[in-house]
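> What would the 3D arrangement of this be:
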Amino acid sequence: MIPCQLYSIVGGILQIYFWVLLVYALASWIPSIQGQWTYFVARLVEPVLQPVRRVVPPLAGFDIAFLIVIFLDQALSQWFRQQGYACSF
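Predicted structure coming up:
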């Protein structure tokens, strides 16, 4: 059985990853804010996006894979946090 705290920790990590995804999106849309730090953010995000991009190609130049990853991240984050709250009672 997985300890309750682990559910909350994983949910929190996924929530942080959501914000990393948003920063990556903003940096790709606004070239003037790009810098050396964007390479670090890309190294965190691209390994997750690449497999999804192989399955789901861009639609009219729009990266649908990014939306899928954000949706899955939020769904998993919510599920893990709910499991953490539920088993703590």
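
> mind listing what's buried in the longest helix along the chain?
Of all segments of type helix in the chain, defined using DSSP state H, the longest is helix 4-29. For helix 4-29, a neighbour-count test (16 or more other Cβ atoms under 10 Å) marks 7-8, 10-11, 14-15, 17, 21, 23-25, 27 as buried. Using the backbone N, CA and C atoms, a C-beta is placed for each residue, glycine as well.

> Stretch 47-60 now?
48-49, 52-53.

> my guess is Y7 meets F80, correct?
Yes - Y7 lies in contact with F80 (Cβ atoms under 8 Å); the separation is 5.0 Å.

> So for these two, which residues contact both of them?
Residues touching both Y7 and F80 (Cβ atoms under 8 Å, 6 or more residues apart in numbering): none.

> so where's the chain shaky on pLDDT?
For the chain, applying pLDDT under 70 flags the ranges 1-2, 88-89.

> Now L59: phi and psi?
Main-chain torsions, L59, degrees, to the nearest 10: phi -110, psi 110.

> contacting residues around it?
Under the criterion of Cβ under 8 Å, 6+ apart, L59 has no neighbours.

> Report the beta-bridge partners for it.
L59 forms beta bridges with F62, as assigned by DSSP bridges.

> distance of I16 from L22?
Plainly put, I16 is 11 Å away from L22 if you go by Cβ to Cβ, to the nearest Å.

> what do these two both touch?
With Cβ under 8 Å, 6+ apart, I16 and L22 have no common neighbours.
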